[in-house]
Each structure stands twice: as C-alpha cells, then as structure tokens.
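**Q** A structural model of the following input is requested.
(one chain, ligands or ions: 1)
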Amino acid sequence: MSRYAVGDLQGCLKPLLCLLERVNFNPERDQLWLVGDLVNRGPDSLDTLRYLYGIKDSLRITLGNHDLHCIALARGTTTRGRHPSLDALLNAPDCAELMHWLLQQALVLRSEDNLYLMSHAGIPSAWSSEHALALSQEVEAVLQGPKVDDFFRNMYGDEPRKWDANLQGYERLRAITNHLTRMRICDAQGQLELGFKGAAADIPAPYRPWFEWQPEDSRSETLIFGHWAALECATQREDIIALDSGCVWGRHMTMLNMDNREIYHCDCAD
Ligand SMILES: [Mn+2]
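**A** Residues are numbered from 1 along each chain as shown. This is a model prediction of the structure:
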C-alpha cells in the first residue's frame with residue numbers, strides 16, 4: 001500500500017486523474033488523502049465528486065470551507081455565494097447522496113502510524129494534536145446529527161476571531177470550523193485575520209502565517225494542509241506541508257507521496 005495526499009481539487013478532475021496515473025494509483029491497494037475543497041469554482045465539481053465516491057473506500061478526506069458551503073447550498077440552509085460552477089452538482093439526481101457522504105467526513109485526520117495530521121486550513125499552534133482531533137469531532141458529531149441545518153445557519157461569520165476553551169454552542173462550533181477550514185494568518189495571541197488571502201510577503205503586521213507560531217518539534221506528526229493558494233506551498237518547514245498550488249487558478253495540482261515524500265505536479269492551465 002502507498003499513501004498519497006493531494007491539495008485542493010476545486011472541481012478540477014483532469015489534473016487529479018493525471019496525478020493518479022503518474023503514480024499508478026490503485027484504489028484496491030493504495031490510499032488517497034484529500035485536504036478538502038473538493039468542489040466549487042473549477043469545471044467539473046459533479047464529475048469530481050462522482051469519481052471520488054466511486055473509490056471512496058480508498059479515500060481519507062478532511063472537509064474544506066468550499067465543501068461545507070456546498071453542503072449548505074444543497075440543503076437550502078444558505079442561498080448566498082452560489083457559484084455557477086456548482087449548478088450541475090446541485091441539480092444532479094445523486095446530489096443528496098453525495099452530500100450525505102461528505103457529511104460523514106472529518107475536519108482533522110491522523111494517520112494510523114501517527115506520522116501525519118491533516119486538516120484543510122491547518123491546526124492552530126495552541127491546540128495539541130489530541131485536542132485538535134477532539135475539537136474536530138465536536139463539529140463532526142453535529143454534521144452527522146439532527147441539528148446539522150442549525151449548524152449551517154450559524155456557521156457563517158468571522159467571529160469569534162480568537163479561540164477560547166470556554167466558548168459554547170454555535171460560537172464554539174463556528175470558531176472550531178473557522179480555524180480548521182479558513183485560517184491563514186493570526187497574531188501572537190492566536191487571533192485570526194480571515195480577510196487576508198494574499199502572499200506571505202504581503203501579510204500585515206502583527207500577523208504571521210498560522211504555522212510560524214508553531215515551534216518546530218512541538219508535534220510528533222507532520223502537518224498536511226491546503227486552502228492557501230497564494231502561499232505557493234512555501235512553508236520553509238519539513239514538518240508542515242502545504243499542498244494547495246492554485247490548480248483552480250490555472251497553476252498546478254500537487255501530490256505528496258506520504259511514504260517517501262516525493263512530490264508530483266500536474267498542470268491545470270487549460
Ligand atoms: Mn479553502
């Protein structure tokens with residue numbers, strides 16, 4: 001068995017298939033880890049999800065902000081920000097089945113050998129890996145429970161910007177979700193600035209990339225994340241691997257061989 005991790009797909013199926021072919025991926029034998037943002041903006045959101053659903057037993061998925069938004073649109077709990085690229089998926093006869101499957105996915109995953117921890121946007125430095133998994137499970141329980149639509153009605157918004165263990169209810173769930181699916185930069189106290197989407201060189205003081213606040217060797221796992229295309233995968237860290245290389249913006253899609261750390265790219269310009 002080999003394990004591979006791929007960055008944000010955003011409905012780009014062709015470069016994913018290119019990467020899988022490159023490594024002779026065999027769903028009967030190998031594992032594919034996906035950092036999330038499987039859909040939205042790109043050309044083939046519906047076909048991407050149908051393809052993945054067909055090999056679902058070989059996947060490990062963490063949900064991204066676009067995945068959660070897509071589920072909320074499909075359930076009718078929001079009408080805002082509906083990108084036309086989602087129309088075919090949202091109108092498909094199997095949409096409900098695909099969304100039900102997405103709702104079973106995690107926000108944070110750890111590999112069985114404890115070598116890797118993955119989430120869409122990253123893990124705040126103040127959260128131990130165990131704590132991040134526990135907080136992720138709080139959200140997952142709601143996504144899979146009877147209050148899922150209440151969750152989506154309360155999911156949107158940037159506040160509270162700072163994590164506090166005493167947060168309760170939907171504020172708490174929103175804070176967990178924002179940290180795990182939307183975070184890019186924060187200050188020394190961990191306060192998020194969610195409006196920033198730019199390059200590392202343009203980060204306004206006193207903010208820094210979330211991962212720069214994490215001391216090296218503070219976790220035993222290597223972190224895998226996506227979400228931040230403008231970062232261009234440059235974390236300058238061996239223990240923190242960024243995989244969103246801006247496929248949907250016409251750059252490329254990146255795959256990591258989790259066993260030997262080889263990196264593969266397929267072009268997305270088309
Ligand atoms: Mn994202």
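
**Q** So for stretch 190-201, mean pLDDT?
**A** Over the span of stretch 190-201, the pLDDT mean works out to 97.

**Q** Give me every residue in the stretch 51-200 of the chain lying close to the ion.
**A** Counting by Cβ under 5 Å from the ion, the stretch 51-200 of the chain comes close to the ion at G64, N65. All C-beta spots, glycine's among them, are computed from the backbone N, C-alpha and C.

**Q** any idea where the helices of this structure begin and end?
**A** 13-22, 45-54, 65-75, 87-90, 95-103, 129-143, 148-155, 169-181 (DSSP state H).

**Q** export those to CSV and tack on mean neighbour count and mean pLDDT?
**A** Converted to CSV, the helices of the chain look like this (neighbours: other Cβ atoms under 10 Å; pLDDT from 0 to 100):
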stretch, mean neighbour count, mean pLDDT
helix 13-22, 18, 98
helix 45-54, 19, 98
helix 65-75, 23, 98
helix 87-90, 17, 97
helix 95-103, 16, 98
helix 129-143, 18, 98
helix 148-155, 17, 98
helix 169-181, 21, 98
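
**Q** Save those helices as a markdown table, and put in distance to V248 too.
**A** A markdown table is the format used below for the helices of the chain (distance: least, Cβ to Cβ, whole Å):
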| stretch | distance to V248 |
| --- | --- |
| helix 13-22 | 10 |
| helix 45-54 | 10 |
| helix 65-75 | 10 |
| helix 87-90 | 15 |
| helix 95-103 | 18 |
| helix 129-143 | 24 |
| helix 148-155 | 22 |
| helix 169-181 | 16 |
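
**Q** can you tell which of those is closest to G7?
**A** With Cβ to Cβ as the measure, helix 13-22 is the member of the helices of the chain nearest G7 (9.9 Å).

**Q** name the helices or strands packed onto the closest one?
**A** strand 3-6, helix 45-54, strand 252-257, strand 263-267 (3 or more Cβ pairs under 8 Å, 6 or more residues apart in numbering; DSSP states H and E).

**Q** quick one: G190 and D164 touch, right?
**A** No. Using Cβ atoms under 8 Å, G190 is not in contact with D164, being 9.7 Å away.

**Q** Closest residue of the stretch 101-250 of the chain to the ion?
**A** Nearest residue of the stretch 101-250 of the chain to the ion: H227, at 3.8 Å (Cβ to the ion).

**Q** isn't that residue right next to N178, touching?
**A** No. H227 is beyond contact range of N178, at 11.6 Å (criterion: Cβ under 8 Å).

**Q** Quick check: the closest residue to I123 other than its chain neighbours vs S111, distance?
**A** Distance criterion Cβ to Cβ, 6 or more residues apart in numbering; nearest residue to I123, sequence neighbours excluded, is A132 at 4.8 Å. Distance of A132 to S111, given as Cβ to Cβ, to the nearest Å: 14 Å.
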